[in-house]
Structures are given as C-alpha cells and as structure tokens.
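Asker: Sequence first, predicted model second:
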Number of protein chains: 2
Amino acid sequence: MTKKRISESTIHRLSLYYRALSLLEKENYDTVSSKELAKREKLTPAQVRKDLSFFGTFGTRGLGYPVRELKHQISSILGIDRVWRVALVGVGNIGSALVSYKEFAKQGFQIVKLFDNDQRKIGSNHKGIVIADIANLENELRESNIEIVVLAVPATVAQYITDDVVRAGIKAILNFAPVNLKVPPDVYLRHENMSMELEYLSFALVNNHAPKRSK
Amino acid sequence: MTKKRISESTIHRLSLYYRALSLLEKENYDTVSSKELAKREKLTPAQVRKDLSFFGTFGTRGLGYPVRELKHQISSILGIDRVWRVALVGVGNIGSALVSYKEFAKQGFQIVKLFDNDQRKIGSNHKGIVIADIANLENELRESNIEIVVLAVPATVAQYITDDVVRAGIKAILNFAPVNLKVPPDVYLRHENMSMELEYLSFALVNNHAPKRSK
DNA sequence: ATATTCTTGTGAAGCTTTTCACATAAGCTG
DNA sequence: CAGCTTATGTGAAAAGCTTCACAAGAATAT
C-alpha cells in the first residue's frame, strides 16, 4: 500500500471543511464552490481544491462541490463516519468539561469509560458513567474495547499512565497534560496544549507581530 | 520597525522550549544542549538552534545554553514575563474548566472577569470572581482594562459576542467555539479546536497514516 | 446550437521551513 | 598550553507546502 504522505495541515483543514459543510448543509446549499468554502474558513480557493484533490475528484466544473456528498466523503476520509470508543483518564477540571463536550459526541467520539485515582470519585456516577479506579486501567481498557484514550491528568503522572495505556494495546492517545510523552512508534500521540495559543496571542501583542495573511 | 516575520511554528516551539526549560530548571540543570532540548520535545537540534537564532545568540559553544537565563529570555520574547488581564466569556462546561486551569495563571494569564448570559449564574461567585452579565460586555471590558478575551460560548452566538468584544477595543481573542470568526485585521484571533486533534487521530487510525518523523 | 460564463483539477512556479554541514569557539584533559 | 572534544550559529541545500495559471468540462443564456 503506497500512500503519498498527506500533510498534517491538509488533514486539519479537512476538519475545517467538514465543519463548514455541516453549516452549509443546514443553510440548504446544494453545492458550494472552492471560493465560498475558502472564504468561510479564511483560506484560498486553490488550497481547498488542492487539498481535496489528494483524495479524489469530488467537484463538477462550472458548478462546484455537492455539499452533502462532499461532507460525507470527508467524514469517511477522517474516519468520523463511525463511532469511536473513547476512554477519558482524569476526571478533574478539564476532564469533566470534556465529558460534557457535545462536539466530541457529534463527531462520533463516544466517551464510554472514565478513570480517576481519587477515592471520592471512584464508583460515583458522572454524567451516566461510573468512574473506574485508575489502578485497573490496563485491564479495563482491554476489556472494554477502547480505541482512543484521552489523558486529562497532571503532567507529573502523565508518563506513568501513558505507559499503562500503551501496555493495554491502545494505539491512539490525545494528551492534555503540558508535557511531552514517550510512546512506541506505532502509537499515535497528539497534544492539546491550551496555553500555546494564549502564548501566541501574548507574543503577537508584545511584538506587534504581522497577522497571518488573510485573503 | 522592520521585523523579519517569525513563523507560527517557531513561536509554538518557543512554548515547548519554555516548558522544557522550566522542567530542566527544577531538575537543577545549569546548562542544556540543543540536542537534549530537542530530544525532550521530539525535535531536531538544528531546529532548536535555528529557532533561537532568530532572536539572538543565547548559547556558549562547547557548553550549550544556560537554563535559567534562556528560560527568562524566552518568557520575555513570548511576553509571558508579565501579567495579562484576561476575561472569559461563557461560564459553561469549558469555561468553568478554564477558570480553574492552573497553567494559565502560571504563565501570567490572569482571568479577572467572567461573563455569562444565564440569569442563574449572573451575580454568583465562581472561584472568587462574580459573574457579570454579558449584556454589559462592551462597557465592562473597557472599564476593567482587559487585554485578552477568551470565548467559550456556543458557536451560534460567537460572532455576535466577538463583535461586542471588538467594539470594546480588545486586540486579542482566543476562541473555543467551533466556528470561524470575522474580526478586523488589527485584532489577533486564535482558535482552540479540540475536536481537530481527535479527528487527526481518527484519520491516522483509519488510514494507517505514517506517523510524524521523530528523530 | 453556439457562445459565454463559471469553476474544477493540476502541473509548475514560488515561497517557506527544515535540515545539513561546517567553520568557529569554548571547555576539558594531561 | 596543545590537542581533543563538545556544541553553537549560520549560510546553503533540500524538502515541503502554497499559490499560480490555465486547459478543460459543465451549466446557462440567447
């Protein structure tokens, strides 16, 4: 299977296209041009066409792209046309917020397991899910067929927990802790660093940084 | 003022260096090489040196970089060697979590104002801050000398609120709503799209995507 | 039916970012 | 203090990503 490596940026833009298409669908558009799609996500029409062209030809010359159809295609490319079984480790501030975060569920990311190490939380029901003891993490992850693990634990323990998660055979981890994690090469690891964007704003304000191009 | 435009990636990596240096400081390192710094954040030594070279020469040949000093320099470059007055709009799931999120405060982002439109919340005390009525957003932002606004509101109302925020003269906005926002060119706008990274994981799992290079 | 307009898909050009590779400088060793 | 080792800073090369520009296909108008 020879895959031309798709760039990270392209994949992230697919998420944007998906979002824009969902909105366009609600607004009852049948078709949309690369120009309009670009405008809505502050990109260029050429960028939109190029991105999509990596995956096939979805448009009609002179007309544009079929909204519903393209949305469906992108969801299939991104793998969000199905349900993913997600476990969340760490039911603190961030963790609790994520459990209730509608966007996740809407895109097929179903949080079906919660773990914490706090005795007061373990066994209690949080939004319909009983919080399990993190001590049983490895076994419970295996037994419940979890495919993706979200880490919302303190930075200091993130690596230990990651090691458990990896041992359980999980191949995809989303980490909210502000620390880099070591995982084997066959495990996909992504970071959500919420301070980073604030720091970018801070940098921009202090340095009068030229804003990003916006056509 | 002629500034060579620094790339977004470089700025984001500065955040990583800062984080790594904070840890190194705790571990009582006096100096660190670009090699070690790179290893800790899964980058290359050349990348580290090049990034830093945009801002000055901080290292000593044969020895490396002075940890404390470099950390301080980076915090100054990023503008996090000071306190930023931040307002948070929308005290729901995500919003509440952000108020308690220690990382922000640690880096000088002080949330000093909260706004919501829910009558049950308005006037109540949340983690030491009284929640104000979003109806008075524009005036209150002006009066309290807010410099950065964080939006954690539903996508449907995000643009209206943004317009208010812009009218209040705010020049930096961090948006958590999954929607693109229109702002004038002199306003810095960044997005925190938490679904995006999950979608990336989903894409990677489904497509057996070659993991990012990791030296 | 023909002309006109619209808009895609895509090589090629242009631009940006990363990596290479090495001169240079500082510390360390004996 | 000479030789060796370590590690920065940086032009230049390489790689990667975005934009350009246009041929070609499809719809619409006359």
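Answerer: Alright, I've got the coordinates.
Asker: Distance check, residue A:95 against residue B:93.
Answerer: Using CB to CB, to the nearest Å, we find residue A:95 at a distance of 11 Å from residue B:93. Where you see a C-beta, it was placed from the backbone N, CA and C, and this is true even at glycine.
Asker: Please identify which of the two sits among more neighbours.
Answerer: Applying other CB atoms under 10 Å in any protein chain shown to residue A:95 and residue B:93 shows that residue A:95 carries more neighbours, namely 24 against 16.
Asker: show me what contacts that one?
Answerer: The contact partners of residue A:95, by CB atoms under 8 Å, 6 or more residues apart in numbering or on different chains, come to A:88-89, A:114, A:116, A:152.
Asker: Redo those as CSV? Include distance to residue A:45.
Answerer: Conversion of those to CSV gives the following (distance: CB to CB, whole Å):
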residue, distance to residue A:45
A:88, 39
A:89, 42
A:114, 44
A:116, 47
A:152, 38
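Asker: would you turn those into TSV with neighbour count?
Answerer: Compiled in TSV, these are given as follows (neighbours: other CB atoms under 10 Å in any protein chain shown):
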residue	neighbour count
A:88	29
A:89	28
A:114	26
A:116	22
A:152	24
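Asker: Residue A:125: which of those is nearest?
Answerer: Closest approach to residue A:125 among those (CB to CB): residue A:114, at 9.7 Å.
Asker: Relative to chain B, how far out is the residue lying farthest from the centre of chain A?
Answerer: Summary for chain A: using CA atoms, centre = their mean, the residue whose C-alpha lies farthest from the chain's mean C-alpha position is residue A:62, with a distance of 33.6 Å. In this structure, residue A:62 and chain B are separated by 27 Å, where distance is defined by CB to the nearest CB, to the nearest Å.
Asker: If I look at that residue, what pLDDT would I see?
Answerer: Residue A:62 is assigned 93 on the pLDDT scale.
Asker: With residue A:210 instead?
Answerer: At residue A:210, the predicted lDDT confidence score is 73.
Asker: got it, and residue A:215?
Answerer: What the model reports for residue A:215 is a pLDDT of 32.
Asker: remind me, longest helix of chain A?
Answerer: helix A:8-26 (DSSP state H).
Asker: Would you mind giving the contacts of residue A:95 as a markdown table with secondary structure and pLDDT added?
Answerer: Below are the contacts of residue A:95 laid out as a markdown table (DSSP: H, G, I helix; E, B strand; the rest coil; pLDDT from 0 to 100):
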| residue | secondary structure | pLDDT |
| --- | --- | --- |
| A:88 | strand | 98 |
| A:89 | strand | 98 |
| A:114 | strand | 98 |
| A:116 | strand | 98 |
| A:152 | coil | 98 |
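Asker: domain assignment for chain A?
Answerer: Using automatic domain parsing, the domain parsing of chain A gives A:8-78, A:84-196.
Asker: burial measure for the closest residue in space to residue A:25 that isn't next to it in sequence, as a count.
Answerer: The spatially closest residue to residue A:25, leaving aside those adjacent along the chain, is residue A:67, at 5.4 Å (CB to CB, 6 or more residues apart in numbering or on different chains). By other CB under 10 Å, 22 other residues sit near residue A:67.
Asker: wait, isn't residue A:67 in contact with residue A:22?
Answerer: No - using CB atoms under 8 Å as the test, residue A:67 is too far from residue A:22 to be in contact (9.3 Å).
Asker: where does chain A dip in pLDDT?
Answerer: Scanning chain A for pLDDT under 70 picks out the ranges A:1-4, A:211-215.
Asker: Let's see that with 90 instead.
Answerer: Flagging of chain A using pLDDT under 90 yields the residue ranges A:1-5, A:208-215.
Asker: Kindly report the residues of it close to DNA strand C.
Answerer: In this structure, chain A approaches DNA strand C at residues A:33-35, A:45-46, A:49-50, A:52-53, A:57-65, judged by CB under 7 Å from any atom of the strand.
Asker: Now do the strand or helix carrying residue A:202 and helix B:194-207, the angle between them.
Answerer: Secondary-structure element containing residue A:202, defined by DSSP states H and E: helix A:194-207. For helix A:194-207 and helix B:194-207, the angle between their directions (axes from the mean of the first three to the mean of the last three CA atoms, to 10 degrees) works out to 120 degrees.
Asker: how far is helix A:194-207 from where the chain is centred?
Answerer: Computed by CA atoms, centre = their mean, to the nearest Å, the chain-centroid distance of helix A:194-207 equals 22 Å.
Asker: Contacts for it, please.
Answerer: Helix A:194-207 has contacts (CB under 8 Å, 6+ apart) with A:176, A:178, A:209, A:211, B:3, B:6, B:8, B:11-12, B:14-15, B:18, B:77-80, B:84, B:86, B:98, B:101, B:103-104, B:107-109, B:147-148, B:150, B:171-174, B:188, B:190-192.
Asker: Just the buried residues of those.
Answerer: Among these, those scoring as buried are A:176, A:178, A:209, B:6, B:11-12, B:14-15, B:18, B:77-80, B:84, B:86, B:98, B:101, B:103-104, B:107-109, B:147-148, B:150, B:171-174, B:188, B:190-192 (criterion: 16 or more other CB atoms under 10 Å in any protein chain shown).
Asker: rewinding a little: what does the residue farthest from the centre of chain A show for phi and psi?
Answerer: Summarising the backbone geometry of residue A:62 under the convention degrees, to the nearest 10, its torsions are phi 90, psi -10.
Asker: what does chain A put close to DNA strand D?
Answerer: Checking chain A against DNA strand D by CB under 7 Å from any atom of the strand, the hits are A:5, A:7-10, A:43-44, A:46-47, A:49-50, A:60-63, A:213, A:215.
Asker: Of the residues of chain A next to DNA strand C, just the buried ones, PyMOL syntax please.
Answerer: Selecting in PyMOL just the buried members of the residues of chain A next to DNA strand C, where the criterion is 16+ other CB under 10 Å, is done with this command:
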select buried, chain A and resi 33+34+49+52+59+64+65
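Asker: list the contacts for the nearest residue to residue A:142 once chain neighbours are set aside?
Answerer: Leaving aside its sequence neighbours, residue A:142 sits nearest to residue A:168 (CB to CB, 6+ apart; 5.3 Å). By CB under 8 Å, 6+ apart, the residues touching residue A:168 are A:137-139, A:141-142, A:146.
Asker: among these, which are in strands?
Answerer: Secondary-structure check on the contacts of residue A:168 using DSSP state E: no residue lies within strands.
Asker: Mark which of the residues you listed are buried, thanks.
Answerer: If you count burial by 16+ other CB under 10 Å, the buried members of the contacts of residue A:168 come out as A:137-138, A:141, A:146.
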